[in-house]
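Participant: The following block contains a protein sequence and its predicted model.
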Amino acid sequence: MKFDSLIIGGGLAGLVCGIRLAQGGHKTVIVSRGQSALHFASGGLDLLNRLPDGSPVNDLPSALAELARQAPQHPYTLIGAASVIRLARDAESLFTQSPLAMHGSLDTPHHSLTPLGKWHRTWLSPRHACRTIGSSQRVTVVGICGFLDIEPASIVDSLQREGVSCRQAELTLPVLDQLRDNPSEFRSVNIARVLDNDAQHNALLHELHQLARHSDLLILPACLGLDNPRIIANLQASIGCAIACVPTLPPSVPGIALHQALARYFRTLGGTVLVGDKVQQAHPEPGGGYRVFTANHGDIPLRARHLVLASGSFFSQGLVATRSGIQEPLFGLEVQDPGPRSQWYQADFFQPQPWQQFGVLADAALRPRKDGAPVADMFVIGGVLGGFDPIHLGCGGGVSVVTALHAADQILAHQEAPL
């Protein structure tokens, strides 16, 4: 099987890169082991919330200039401020085109409500995430009887401290009793699979109608919209009350829904996704490109002109820590020197952790290095890259999206005949 581009990893970075390549006419395949970090994320994307010294980001251009001084190996620094801003705007257009429209703009960052009732600055958020609450709105925070992966009382308490007129309520929903009987199964994804079913629509609608009588906004746990993206809009239209959702403990319905929407969009563009497969070897071809061998295809290689490594960080085993250091296990690419193990972490769990910045070294085109030289026909994107702390800086989703688009543009700018 021959492709223009082969992407290793089907998470946020891999899918966005694949979409861009497919839009450019490249025959593209994604080899994905299965679940990605999106399945455990809120579904929102941060671009850059603070600098390494802890300073908040209020003006992106000036923040990127200062980031280049404080973090010279950050992917944004490698790419360049002007390119980061251009690619971020391209990403906004991309997410508008996908079946799951996102809310947000580079020019007007907003805040979304967390499961603890705090406001988190973000760049793009799911369509029905809880954002601004008007001072005059009557708000009801709605839990689900027996569901422990979110604490409505904490949200109510936090909002009331801000002066919001807020109360707590609970959905009983007997249709979920079978899940309640097994606490390990009473999770957001399984609840969504039940409630998204049209057959359960009336039961849910009946209970929401009662709550909507005394509310302008219902805040629900994000347990809707996994298989039925229109369900929340339909419920709002039926009860005449706004509905917003707050993420729960993983697995995350908004994160999974985003992953599924991007994967569907990639496939509609002609892309191929090999799910549940794993790249085991990749050998350079004399005339350029690679022969790639996967677990499921045995000795039958996939041939591609370009490889894109989007294998993620430690969570997805794109990076591996051993007693002797940090490794990129598939190709043996050069990674940042982590120093002695005693310097890999801070004793205070809540302090920025040095290991978060470990990853593959790359140049401005996101080409990795091996044995001191750039690797031909290969690009590295997303969490496997080094030089940034996605949690402390609030830039994990942004780095994945921006580097994915940047690598795809490098490939599309140098169109070669397919292998």
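Facilitator: Thanks, I have it.

Participant: now the helices for the stretch 51-200 of the chain?
Facilitator: Using DSSP state H, counting those that start in this stretch, the helices of the stretch 51-200 of the chain run over residues 60-70, 75-79, 81-97, 152-161, 177-180, 188-195.

Participant: right, and those - which one's nearest residue 381?
Facilitator: Set against residue 381 and scored by CB to CB, these come closest in helix 75-79, at 8.5 Å. Backbone N, C-alpha and C define where each C-beta goes, glycine included.

Participant: Now do that closest one: which elements does it pack against?
Facilitator: On a contact count with 3 or more CB pairs under 8 Å, 6 or more residues apart in numbering; DSSP states H and E, helix 75-79 meets helix 60-70, helix 396-412.

Participant: Got the domain ranges for the chain?
Facilitator: Per automatic domain parsing, the structural domains of the chain span 2-106+256-412, 130-246.

Participant: Deepest-packed of those, please.
Facilitator: domain 2-106+256-412 (a mean of 19; mean count of other CB atoms under 10 Å).

Participant: Look at it and report the distance between its end residues.
Facilitator: Start and end residues of domain 2-106+256-412 are separated by 17 Å (CA to CA, to the nearest Å).

Participant: ok, residue 208 - contacts?
Facilitator: The contact partners of residue 208, taken as CB atoms under 8 Å, 6 or more residues apart in numbering, are 171, 218, 235, 239, 241, 243.

Participant: Check the gap between residue 60 and residue 238 for me.
Facilitator: 40 Å (CB to CB, to the nearest Å).

Participant: scratch that, residue 244
Facilitator: Residue 244 sits 16 Å away from residue 238, going by CB to CB.

Participant: Now residue 336: closest residue in space, sequence neighbours ignored.
Facilitator: Spatial nearest neighbour of residue 336, chain neighbours left out: residue 386 (4.4 Å); criterion: CB to CB, 6 or more residues apart in numbering.

Participant: I'd say the one you found and residue 360 touch.
Facilitator: Yes - between residue 386 and residue 360 there is a contact under CB atoms under 8 Å: 5.8 Å.

Participant: what's the overlap in contacts for the two?
Facilitator: residue 335.

Participant: If you drop the residues flanking it in sequence, what lies closest to residue 280?
Facilitator: Per CB to CB, 6+ apart, closest to residue 280 is residue 293, 5.4 Å.

Participant: Equivalent analysis for residue 412, please.
Facilitator: In space, residue 412 is closest to residue 24, 4.2 Å off (CB to CB, 6+ apart).

Participant: Please report how far the one you found lies from residue 220.
Facilitator: 39 Å.

Participant: can you tell me the average pLDDT over the strand or helix carrying residue 305?
Facilitator: Assigned by DSSP states H and E, residue 305 falls within strand 302-309. Across strand 302-309, pLDDT averages out at 97.

Participant: Measure how that strand sits relative to helix 396-412, angle-wise.
Facilitator: If you take axes from the mean of the first three to the mean of the last three CA atoms, to 10 degrees, strand 302-309 sits at 140 degrees to helix 396-412.

Participant: Against which helices or strands is strand 302-309 packed?
Facilitator: strand 2-8, strand 28-32, strand 290-294, strand 378-380, helix 396-412.

Participant: okay, the second one in PDB with CA atoms only?
Facilitator: Read it as strand 28-32. Taking Å, rounded to 0.1, in the frame of the first residue of the first chain, the C-alpha atoms of strand 28-32 are listed here in PDB:
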ATOM      1  CA  THR A  28      -2.700  10.000   3.900                       C
ATOM      2  CA  VAL A  29      -2.900   7.200   6.400                       C
ATOM      3  CA  ILE A  30      -2.900   7.400  10.200                       C
ATOM      4  CA  VAL A  31      -1.700   4.400  12.200                       C
ATOM      5  CA  SER A  32      -3.300   4.600  15.700                       C
END
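
Participant: just to revisit the earlier point, out of the helices and strands packed on helix 75-79, which gets nearest to residue 194?
Facilitator: Of all the helices and strands packed on helix 75-79, helix 396-412 comes closest under CB to CB, at 29.0 Å.

Participant: What is the distance between the closest one and the centre of its chain?
Facilitator: 13 Å (CA atoms, centre = their mean, to the nearest Å).

Participant: quick one: terminal-to-terminal distance for stretch 3-13?
Facilitator: 19 Å.

Participant: Repeat that for stretch 28-41.
Facilitator: Taking CA to CA as the criterion, the two ends of stretch 28-41 lie 26 Å apart.

Participant: now that stretch, how far from the centre of its chain.
Facilitator: Using CA atoms, centre = their mean, the offset of stretch 28-41 from its chain centre is 10 Å.

Participant: Mean confidence (pLDDT) on that stretch, please.
Facilitator: pLDDT averaged over stretch 28-41 gives 90.

Participant: Could you dump the helices and strands packed on strand 302-309 into JSON lines with distance to residue 390 added?
Facilitator: JSON lines is the format used below for the helices and strands packed on strand 302-309 (distance: least, CB to CB, whole Å):
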{"stretch": "strand 2-8", "distance to residue 390": "20"}
{"stretch": "strand 28-32", "distance to residue 390": "20"}
{"stretch": "strand 290-294", "distance to residue 390": "28"}
{"stretch": "strand 378-380", "distance to residue 390": "15"}
{"stretch": "helix 396-412", "distance to residue 390": "3"}
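
Participant: Can you tell me which of these is nearest to residue 78?
Facilitator: Between the helices and strands packed on strand 302-309, helix 396-412 lies closest to residue 78; by CB to CB that is 8.8 Å.

Participant: May I have the strands that pair with the one helix or strand residue 369 maps to, each with its orientation?
Facilitator: Per DSSP H and E, residue 369 falls inside strand 369-370. Partners of strand 369-370 in the sheet, by DSSP bridges, are strand 373-374 (antiparallel).
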